[in-house]
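**Student:** Need a 3D model of the sequence below.
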Amino acid sequence: MIPAPAFLSNPERFMAFSRWAAPLFGALAAALAAAGLWLAFTAPEDYQQGDTVRIMFIHVPAAWMSMFVYACLGVASFLALIFRHALADAAAKSAAPLGAAFTLMTLITGALWGKPMWGTWWVWDARLTSVLVLFLLYLAYMALRSSIDDEAKAARAAAILALAGLINLPIIHYSVEWWNSLHQGASVFRAEGPAMPPVFWVPIILMALAYLSAFGSLWLVRIRAEVWRRRAEAAALRAARA
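**Tutor:** Numbering: from 1, shown residues only. Below is the predicted model of the structure:
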């Protein structure tokens, strides 16, 4: 197996892999989403929440992905900062908009679910607030990269910000245990097993895998585009100097 730093320092190997992997992950995402949505909309109503429970199948996997993508952003930023791998930096830059999209989806679907359940679109609940902070971290990362003209300095500053923001991930995860929260604790991944019947947790898992596959496909596509952009800029610079 190729060590991560070595893999990320070899753009040609990455480009060869991503050429076939991106469409494969995209097709897998479509198949998983179709199965997950079919099971989600044919599942019975919840005895308390009624049809509103169906928002869960969109919201919960999006919340998981919002944190997972930030973890990917943090790892890629670490590799870019420590090992100076340009491909790792491209991976970090490419992950941020995708993570922001998943986090925005989490906040919007959470509000749609919260209104009928809690009677309000928003409360300053510990988990809601920490997820909002996550969304702001994504925006800050992208804004910082865009605000510095020197790409190397922008990458370094953004990587430091991304690494500092990792502290928010355990806060999101443990917020329901550390503070009095309207959110319930873990219901799927528990040592004693899921706290809901398979008719509910199976679609959640399928949708989570669909989101994961979609992220993998889009991430690879965005990294490839970033590599081509940098190559084009480097070629233009060489031509200007010639």
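
**Student:** C-alpha from now on. contacts and neighbour counts both.
**Tutor:** Fine.

**Student:** what's the closest non-adjacent residue to residue 30?
**Tutor:** Residue nearest to residue 30 in three dimensions, not counting chain neighbours: residue 210, with 6.9 Å by C-alpha to C-alpha, 6 or more residues apart in numbering.

**Student:** how close does that neighbour sit to residue 163?
**Tutor:** 27 Å (C-alpha to C-alpha, to the nearest Å).

**Student:** again, but for residue 19
**Tutor:** 29 Å.

**Student:** do the same with residue 52
**Tutor:** Distance from residue 52 to residue 163, counting by C-alpha to C-alpha: 37 Å.

**Student:** What's the local residue count around the residue nearest to residue 53 when sequence neighbours are not counted?
**Tutor:** Excluding its sequence neighbours, the residue lying closest to residue 53 (C-alpha to C-alpha, 6+ apart) is residue 46, at 6.3 Å. A count of nearby residues for residue 46, using other C-alpha atoms under 10 Å, gives 12.

**Student:** So residue 46 is in contact with residue 40, correct?
**Tutor:** No: the pair residue 46 / residue 40 is not scored as a contact, 11.8 Å apart, by C-alpha atoms under 8 Å.

**Student:** Between residue 52 and residue 163, which has more neighbouring residues?
**Tutor:** residue 163 (18 against 15).

**Student:** what residues are up against that one?
**Tutor:** 74, 77-78 (C-alpha atoms under 8 Å, 6 or more residues apart in numbering).

**Student:** try it again with 7 Å
**Tutor:** With contacts defined as C-alpha atoms under 7 Å, 6 or more residues apart in numbering, residue 163 is in contact with residue 74.

**Student:** Is it correct that it falls within a strand?
**Tutor:** No: under DSSP: H, G, I helix; E, B strand; the rest coil, residue 163 falls outside any strand and is assigned helix.

**Student:** Please identify the helix or strand for residue 102.
**Tutor:** helix 86-118 (DSSP states H and E).

**Student:** Buried residues in that helix, which are they?
**Tutor:** Residues of helix 86-118 classed as buried: 86-107, 109-114 (neighbour count, 16 or more other C-alpha atoms under 10 Å).

**Student:** tell me the contacts of the residue most central in space within the chain?
**Tutor:** In the chain, the centroid-proximal residue (C-alpha atoms, centre = their mean) is residue 69; its distance is 2.9 Å. Residues near residue 69 by C-alpha under 7 Å, 6+ apart: 95, 99.

**Student:** now with 10 Å?
**Tutor:** 75, 92, 95-100, 102-103, 212, 215-216, 219 (C-alpha atoms under 10 Å, 6 or more residues apart in numbering).

**Student:** Just the element for it, please.
**Tutor:** Applying DSSP H and E, one finds residue 69 within helix 56-83.

**Student:** Just the angle for that helix relative to helix 86-118, thanks.
**Tutor:** Orientation check (axes from the mean of the first three to the mean of the last three C-alpha atoms, to 10 degrees): helix 56-83 against helix 86-118 gives 150 degrees.

**Student:** Show me which residues of helix 56-83 are buried.
**Tutor:** So helix 56-83, judged by 16+ other C-alpha under 10 Å, has buried residues 56-81.
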